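**Q** Give the three-dimensional model of this entry:
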Amino acid sequence: MMPSTQDWINNPLGVVEGMFAASQNNPNSAWEAKAVEFFKDKLKEKDAHTWVPSLNDVPLHYLKPNSLVKFRCLIQDMFDPEFYMGVYETVDPSTKAKVLRCGKYKDVTECGVDFNSRNTVTAERQTFYCVPIPGESPWVKEIYASSSQARVVPSTSYVPSRHKRSYEEDDDVDDMDTQPQKQREPHSGPHSPTEQHSNGDCKRQETEAPSSQATSASHLDLNFPLPGEKGPSCLVKVYDDWDSFKLNDTLEVFGILSVSPALSALADEKDVSSSLLDPAECMETAEEQRVHSPPASLVPRLHMIHAKSLPHNNPLLPSATLEDNSAFLSSTLSEMVSVREELLAYFTHVLLGDALAAEYLVLHLISSVYARRDVLPLGKFTLNLSGCPTVASYTERLYQIIQHLVPSSYYLGMSLQNMNQMRLVPKKDYVANRLVSGALQLARNTSLFLDETQLEQGQLDTTGVRNVTALGNLISWQKVDYDFNYHQMEFPCNINVLIASEGRSLLPSDCQIHLQSQVAPDHMDEYLSSIHVHQQTSSQLNKFRMYMSVARLLDYSISDEMTKSVEDDFVDMRKDDPQSISAEDLHRMLIVARLLSLSLGQTSLSRDSWLRAKHIEMLRRSRMEQHKCVNGNEP
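**A** Next comes the predicted model:
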């Protein structure tokens with residue numbers, strides 16, 4: 001059954017205004033907090049959040065203006081606070097009757113405002129510019145979309161004569177209980193090609209902006225961090241606790257959708273009415289106005305009622321923390337060892353029969369920064385997979401396999417052209433007063449695949465050197481220094497970096513393993529093309545996806561007893577040959593032991609895991625020594 005008549009989803013402003021009206025007789029009612037609690041309680045009801053349509057997978061023109069919607073996003077920028085009329089009075093021109101109105105969760109006031117009223121209350125709100133989570137994998141989008149039970153109203157704006165009708169005219173379209181056939185499709189942005197349908201009609205794709213807005217889209221940079229990204233950007237208006245949010249946080253925002261055509265007047269500098277809507281607009285440059293007040297048909301406004309921080313964006317896991325879902329956790333932990341074996345076998349096949357490299361790839365993919373000690377990020381495990389074949393697009397195929405398993409990822413081919421031309425580091429544009437995004441503005445736990453096999457002979461220019469330095473800092477310190485022209489501002493991050501290279505990478509790493517192919521060179525092409533075909537079943541892939549996300553979220557500790565045992569071991573190892581193992585080697589062994597334990601579903605270090613970590617580290621180091629002897633000291 002659907003929740004009661006769904007008024008709180010279809011008409012949330014009605015709920016808010018009802019509470020506001022009731023509060024007029026009781027000045028101490030704290031109605032605003034009660035309104036937020038009302039919606040939070042509704043969303044806690046079983047499956048209630050699945051009834052709320054999502055901006056991530058429902059095209060904007062299917063959504064009812066002023067209804068409750070949700071948005072899975074990253075905070076890409078934060079604008080200056082703005083003032084709005086929290087309470088204002090309107091006067092009926094014929095009867096002269098005065099009515100107090102609530103201005104919260106709205107962009108535009110009703111007609112007949114009495115600007116001289118003493119009852120006007122000015123309030124403040126903050127605006128965040130939010131984008132879909134950068135590099136989110138197609139499988140994530142598909143699973144989120146298919147779990148939605150939202151009922152949305154298909155607009156008839158497909159018909160050419162309707163292209164220019166305003167959103168307000170869509171309000172009187174009756175609710176339909178049928179889901180639109182193609183609603184499941186992920187967003188494809190405002191520049192999608194039109195799609196030919198079998199009935200002969202040429203209809204524009206559902207996610208495309210109506211043609212009247214297509215021209216605005218071309219000069220409007222939606223500021224996605226990664227090139228080629230699709231989906232809506234959104235201006236999120238925040239009313240409470242905005243200090244609790246940080247740049248680059250990933251959130252699921254529940255709020256009231258505003259796409260009022262009056263907002264688009266603000267974007268048009270020539271429109272005189274813009275200064276009437278907000279006198280402060282006159283202070284802005286035209287550039288700033290275009291960025292901060294884009295057409296609502298392209299960048300909708302979302303008035304936040306409630307937002308929850310997303311510790312992960314894997315739709316196969318419960319949205320609550322693992323501790324709050326003990327049944328899920330215990331059933332997953334009981335299968336960790338067997339799923340790990342299957343995943344190792346799969347990666348061994350993908351890594352040309354190299355079981356040791358497969359083991360290290362698993363450890364890398366479940367690694368995460370779990371704490372910071374001074375400037376040192378603890379838990380990171382950047383892997384340099386050297387010895388990668390340069391034939392048959394091996395590295396691209398390896399990336400595609402990883403992309404099928406992790407929730408968010410990005411492939412960066414380190415060609416000279418990319419290094420010299422791409423903007424990796426976000427930069428503050430003071431004219432437009434916004435943060436221009438760069439490819440390293442990523443959500444936590446994104447897998448960044450650096451393909452160094454693409455690097456050819458040639459010269460890095462100033463931008464190239466700056467980009468390579470930024471990648472080195474990201475790997476070493478898990479931070480990106482954003483460019484604020486006169487100074488740099490440090491933003492900590494938590495990004496899994498995998499470097500695929502032929503020889504040793506020119507970038508730093510926490511661990512290098514040289515791929516030892518078990519495939520004969522003359523069979524390589526045939527073998528690599530079979531990897532492409534050899535895909536797991538979706539249920540098998542889902543097991544791997546859950547396994548890796550859960551391993552990354554588990555807590556971990558080392559008992560005093562094990563700490564003492566490890567220290568004794570270290571002393572013993574150095575007894576015979578102090579040069580054989582350094583403090584850095586011990587640190588790496590402890591990271592490997594930690595990840596090995598988590599990969600087995602164990603939350604504390606056992607003697608067996610420690611011995612296993614020592615063993616695989618010894619195998620890896622002896623392989624690296626052999627490789628050095630054969631190839632000389634390669635750069």
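**Q** what is residue 70 paired to in the beta sheet?
**A** Under DSSP bridges, the beta-bridge partners of residue 70 are residue 54, residue 254.
**Q** Let me see the contact set for it.
**A** Contacts here follow C-beta atoms under 8 Å, 6 or more residues apart in numbering; on that basis residue 70 touches 49, 52-55, 252-255. Heads up, the C-betas are built off the backbone N, CA and C, glycines and all.
**Q** same deal with residue 78?
**A** Taking C-beta under 8 Å, 6+ apart as the definition of contact, the neighbours of residue 78 are 126-129, 245, 247.
**Q** hmm, 7 Å instead?
**A** Residues touching residue 78, when contacts are defined by C-beta atoms under 7 Å, 6 or more residues apart in numbering, comprise 126, 128, 247.
**Q** Got the phi and psi for it?
**A** As for residue 78, its main-chain torsions (degrees, to the nearest 10) stand at phi -130, psi 120.
**Q** Look up which residues are beta-bridged to it.
**A** The partner list for residue 78 in beta bridges (DSSP bridges) reads residue 128.
**Q** Quick check: end-to-end length of stretch 132-142?
**A** The straight-line separation of the ends of stretch 132-142 (C-alpha to C-alpha, to the nearest Å) is 14 Å.
**Q** sorry, back to before: want to throw the contacts of residue 70 into TSV with distance to residue 301, pLDDT and neighbour count?
**A** Formatted as TSV, the contacts of residue 70 follow (distance: C-beta to C-beta, whole Å; pLDDT from 0 to 100; neighbours: other C-beta atoms under 10 Å):
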residue	distance to residue 301	pLDDT	neighbour count
49	21	84	20
52	17	93	23
53	16	93	24
54	16	94	21
55	11	94	25
252	17	95	19
253	12	96	23
254	14	96	23
255	9	95	26
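**Q** Turn those residues into TSV, including distance to residue 591.
**A** TSV is the format used below for the contacts of residue 70 (distance: C-beta to C-beta, whole Å):
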residue	distance to residue 591
49	37
52	41
53	43
54	37
55	39
252	31
253	35
254	38
255	41
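**Q** I'd like to know which of these is nearest to residue 605.
**A** Proximity of the contacts of residue 70 to residue 605 (C-beta to C-beta) peaks at residue 252, which lies at 34.4 Å.
**Q** Quick one: residues contacting the closest one.
**A** Under the criterion of C-beta under 7 Å, 6+ apart, the contact partners of residue 252 comprise 70, 72, 307-308, 310.
**Q** domain parsing for the protein?
**A** The record's domain split for the chain, according to automatic domain parsing, is 4-153+219-260+296-309, 322-547, 555-635.
**Q** picking up where we left off before, selecting buried members of the contacts of residue 252 in PyMOL, what would you type?
**A** Those of those that count as buried under 16 or more other C-beta atoms under 10 Å are selected in PyMOL with:
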select buried, resi 70+72+307+310
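**Q** would you turn the contacts of residue 252 into JSON lines with distance to residue 238, secondary structure and pLDDT?
**A** As requested, these are arranged in JSON lines below (distance: C-beta to C-beta, whole Å; DSSP: H, G, I helix; E, B strand; the rest coil; pLDDT from 0 to 100):
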{"residue": "70", "distance to residue 238": "15", "secondary structure": "strand", "pLDDT": "95"}
{"residue": "72", "distance to residue 238": "16", "secondary structure": "strand", "pLDDT": "96"}
{"residue": "307", "distance to residue 238": "8", "secondary structure": "strand", "pLDDT": "94"}
{"residue": "308", "distance to residue 238": "14", "secondary structure": "strand", "pLDDT": "91"}
{"residue": "310", "distance to residue 238": "16", "secondary structure": "coil", "pLDDT": "92"}
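**Q** would you turn the contacts of residue 252 into JSON lines with distance to residue 556?
**A** Compiled in JSON lines, the contacts of residue 252 are given as follows (distance: C-beta to C-beta, whole Å):
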{"residue": "70", "distance to residue 556": "32"}
{"residue": "72", "distance to residue 556": "28"}
{"residue": "307", "distance to residue 556": "29"}
{"residue": "308", "distance to residue 556": "25"}
{"residue": "310", "distance to residue 556": "21"}
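**Q** of the contacts of residue 252, closest to residue 262?
**A** Proximity to residue 262 was ranked across these by C-beta to C-beta; first place goes to residue 70, at 24.3 Å.
**Q** just to revisit the earlier point, could I get the contacts of residue 78 in CSV, plus columns for neighbour count and pLDDT?
**A** Below are the contacts of residue 78 laid out as CSV (neighbours: other C-beta atoms under 10 Å; pLDDT from 0 to 100):
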residue, neighbour count, pLDDT
126, 19, 95
128, 25, 96
247, 16, 95
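**Q** Using JSON lines, lay out these together with distance to residue 499.
**A** Formatted as JSON lines, those follow (distance: C-beta to C-beta, whole Å):
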{"residue": "126", "distance to residue 499": "38"}
{"residue": "128", "distance to residue 499": "33"}
{"residue": "247", "distance to residue 499": "26"}
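**Q** Which among the domains of the chain is found nearest to residue 288?
**A** Closest of these to residue 288 is domain 322-547, at 4.8 Å (criterion: C-beta to C-beta).
**Q** closest to residue 221 among the contacts of residue 252?
**A** Of those, the one sitting nearest to residue 221 (C-beta to C-beta) turns out to be residue 72, at 21.7 Å.
**Q** surely that closest one meets residue 56?
**A** Yes: contact criterion C-beta atoms under 7 Å: residue 72 and residue 56 qualify, at 5.1 Å.
**Q** okay, and the common contacts of those two?
**A** The overlap between the contact sets of residue 72 and residue 56 (C-beta under 7 Å, 6+ apart) consists of residue 132.
**Q** Contacts only, for residue 402.
**A** 409, 447, 449.
**Q** Oops, could you answer that again for residue 134 instead?
**A** The contact partners of residue 134, taken as C-beta under 7 Å, 6+ apart, are 74, 224-226, 229, 408, 442-443.
**Q** with the residues you listed in mind, which one is nearest to residue 430?
**A** Ranked by distance to residue 430 (C-beta to C-beta), the contacts of residue 134 are led by residue 225 at 19.7 Å.
**Q** Kindly give the local confidence score, pLDDT, for that closest one.
**A** Note for residue 225: predicted pLDDT of 93.
**Q** so where's the stretch 301-450 of the chain shaky on pLDDT?
**A** Counting by pLDDT under 70, the stretch 301-450 of the chain shows low-confidence ranges at 320-324.
**Q** which residues in it form helices?
**A** Assignment of helices within the stretch 301-450 of the chain using DSSP state H, counting those that start in this stretch yields the ranges 326-350, 355-365, 394-403, 416-421.
**Q** And the stretch 51-200 of the chain, by the same measure?
**A** 138-146, 167-170.
**Q** quick one: which of the ones you listed has the weakest pLDDT on average?
**A** Ranked by mean pLDDT, the helices of the stretch 51-200 of the chain bottom out at helix 167-170, with a mean of 36.
**Q** rewinding a little: okay if I get the domains of the chain as a markdown table plus distance to residue 285?
**A** What follows is the domains of the chain, written out as a markdown table (distance: least, C-beta to C-beta, whole Å):
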| stretch | distance to residue 285 |
| --- | --- |
| domain 4-153+219-260+296-309 | 13 |
| domain 322-547 | 6 |
| domain 555-635 | 49 |
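**Q** quick one: buried residues of stretch 135-155?
**A** By neighbour count, with 16+ other C-beta under 10 Å as the criterion, the buried positions of stretch 135-155 are 135-137, 139-141, 143-145, 148, 150-155.
**Q** cool, stretch 565-582 as well?
**A** For stretch 565-582, the buried set under the neighbour-count rule, 16+ other C-beta under 10 Å, comprises 566, 569-570, 573, 581.
**Q** And for stretch 93-104?
**A** Result for stretch 93-104 [16+ other C-beta under 10 Å]: buried residues 101-104.
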